[in-house]
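Asks: Provided below for reference: sequence and predicted model.
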Amino acid sequence: MIRAFIVSFLTFLYILVVGLPFLIHAWLTQTTDKLYHVGVNGARLALWLSGVKLDVHGLEKIPHGRAAIYMPNHQSNCDPPAVISILPDVLVMAKHEFFRVPVLGPAMVLRGFIPVDRKNRERAIAAVEQAVESMKAGNSFMAFPEGTRSPDGRLQTFKKGLFVMAIKAGALIVPVSVSGARKIMPKGQFAIHPGNVRITIHDPISAADYSLERRKDLIEVTRQAILKGLDPEEWPLEESQKSAEKTPLEE
């Protein structure tokens, strides 16, 4: 708990002391690249203070020059800074609560991040449509297909909204497996435990090859890719049971 307090305090201090001047600069110049990279450096600082080491695989599979949606599984609050710190520049679809944080919220809005209110269906649909237009303009996104953190670290059911978005934008989906993050910051606990997080980037999937009627197929293909980079204890219970029931010949 002491580490969590220290990391939270120093991260917020970084946002105020370093982020505020760059936010003002972005307002004045209407350019946000420097502000974005200050934010990414802040994410890396938070990871370092937390004692988190990243083991990254598949960086060569990142598509360049084309809009993509990077879709990681979501185990803990460690996931966003861990994933965004290793990706090329991306926008983020995040809970609208984050946009209320001083300095951070205005910076996210200025950069083009999109708030999502999961409790308001109309606003959630509007957020998807806004993201579609942004992707058509060439922007890439990072968003969590599960919608929220897993309570036990196991992969949850995927929401359909991001896949509708990818199909409408004709974008690439890049599945990303995040393994070990729950041990760092378990959901429901104000605690940080130093450790390793393995991030695996998988082959891009072209959403343009799928229609809205086939979005369930796209969801399943993405889900299976993410599963490949997770440990058995992070699989959904039904997947673990299937694996346990296999005979040696089936394996």
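Replies: Happy to help now that I have it. Given the structure is predicted, the values throughout are model-derived calculations rather than measurements.
Asks: For Glu122, grab the count of nearby residues.
Replies: 8 (other Cβ atoms under 10 Å). (Glycine included, C-beta is placed from N, CA and C.)
Asks: so which helix or strand takes in it?
Replies: helix 121-136 (DSSP states H and E).
Asks: what do you get for Gly39?
Replies: Per DSSP H and E: helix 33-50 holds Gly39.
Asks: Give me the distance between the very next helix or strand once past that helix and the centre of its chain.
Replies: Counting by DSSP H and E, the next helix or strand C-terminal to helix 33-50 is strand 52-57. From the chain centre to the centre of strand 52-57 is a distance of 15 Å (Cα atoms, centre = their mean, to the nearest Å).
Asks: Mind listing the strands strand 52-57 pairs with, and their directions?
Replies: strand 195-201 (parallel) (DSSP bridges).
Asks: Now do the same contact list for the residue lying closest to Tyr36 once chain neighbours are set aside.
Replies: Sequence neighbours aside, Arg111 is the residue nearest to Tyr36 in space, at 5.7 Å (criterion: Cβ to Cβ, 6 or more residues apart in numbering). Counting by Cβ atoms under 8 Å, 6 or more residues apart in numbering, Arg111 makes contact with Thr32, Leu35, Tyr36, Gly39, Leu91.
Asks: for the record, mean pLDDT for stretch 79-92?
Replies: The average pLDDT within stretch 79-92 is 95.
Asks: Give the buried residues for stretch 84-100.
Replies: By neighbour count with 16 or more other Cβ atoms under 10 Å, stretch 84-100 contains the buried residues Ile84, Ser85, Ile86, Leu87, Val90, Leu91, Val92, Met93, Ala94, His96, Phe99.
Asks: Between which two of the contacts of Arg111 is the distance greatest?
Replies: For these, the farthest-apart pair by Cβ to Cβ is Leu35 and Leu91; their separation is 12.9 Å.
Asks: Give me the pLDDT for the residue nearest to Ile201 when sequence neighbours are not counted.
Replies: Distance criterion Cβ to Cβ, 6+ apart; nearest residue to Ile201, sequence neighbours excluded, is Gly58 at 3.5 Å. pLDDT for Gly58: 97.
Asks: can you tell me which residues contact Gly58?
Replies: By Cβ under 8 Å, 6+ apart, the contact list for Gly58 reads Thr200, Ile201, His202.
Asks: Would you pull up how far the next helix-or-strand element following the helix holding Glu122 lies from the middle of the chain?
Replies: Using DSSP H and E, the helix or strand that follows helix 121-136 towards the C-terminus is strand 141-142. Offset of strand 141-142 from its chain centre (Cα atoms, centre = their mean): 7 Å.
Asks: Mean confidence (pLDDT) on strand 141-142, please.
Replies: For strand 141-142, mean pLDDT rounds to 96.
Asks: which secondary structure elements does that strand contact?
Replies: strand 68-72, helix 79-84, strand 91-95, helix 121-136 (3 or more Cβ pairs under 8 Å, 6 or more residues apart in numbering; DSSP states H and E).
Asks: What separation is there between the residue nearest to Pro151 when sequence neighbours are not counted and Pro145?
Replies: Among residues not flanking Pro151 along the chain, Lys187 sits closest, at 5.4 Å (Cβ to Cβ, 6+ apart). Per Cβ to Cβ, to the nearest Å, Lys187 is found 17 Å from Pro145.
Asks: Any stretches of this structure with poor pLDDT?
Replies: The model of the chain has pLDDT under 70 over residues 239-251.
Asks: excluding its backbone neighbours, what's nearest Thr148?
Replies: His74 (6.7 Å).
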